[in-house]
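Visitor: Provided below for reference: sequence and predicted model.
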Amino acid sequence: MKTLHTLLSKDNEKLLHTLKVRFEKNKTRYLVIEWLAVQTKLENNNGKLWSLNEMEKTGGEPVVVGNEIIGVANTYTKILL
């Protein structure tokens with residue numbers, strides 16, 4: 001049986017805030033990407049939000065690169081938006 005990974009609403013909000021702060025802090029990397037587009041794609045995919053939250057919990061700092069989010073921890077993990 002396949003398990004669906006989801007976060008509580010308050011966890012979603014906290015994660016999206018963390019990612020937005022990081023995005024805005026590194027805005028020069030994202031000249032052609034708007035935060036709202038990233039946020040919309042993430043909000044429409046609970047599995048990706050859950051995965052990003054797991055990366056955050058283990059000290060990884062996912063960053064947006066092009067149309068992807070790459071988690072930076074011990075290894076690189078691509079999460080397509």
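Guide: Nice, thanks for sending it over. Computed from a prediction, not measured in an experiment: that's the story for all the values here.
Visitor: thought G47 was touching E54?
Guide: No - with contact defined as C-beta atoms under 8 Å, G47 does not count as touching E54 (10.7 Å). C-beta: built from backbone N, CA, C; applies to glycine.
Visitor: which of these two has more residues huddled nearby?
Guide: Neighbour totals were compared for G47 and E54, and E54 leads with 15 against 11 (other C-beta atoms under 10 Å).
Visitor: ok now the helix or strand hosting the more buried one, how far from the chain's centre?
Guide: Take DSSP states H and E as the rule and E54 turns out to sit in helix 46-57. In terms of C-alpha atoms, centre = their mean, to the nearest Å, the centre of helix 46-57 is found 7 Å from the chain centre.
Visitor: summarise which helices and strands that helix is packed against.
Guide: helix 9-25, helix 35-43, strand 68-72, strand 76-80 (3 or more C-beta pairs under 8 Å, 6 or more residues apart in numbering; DSSP states H and E).
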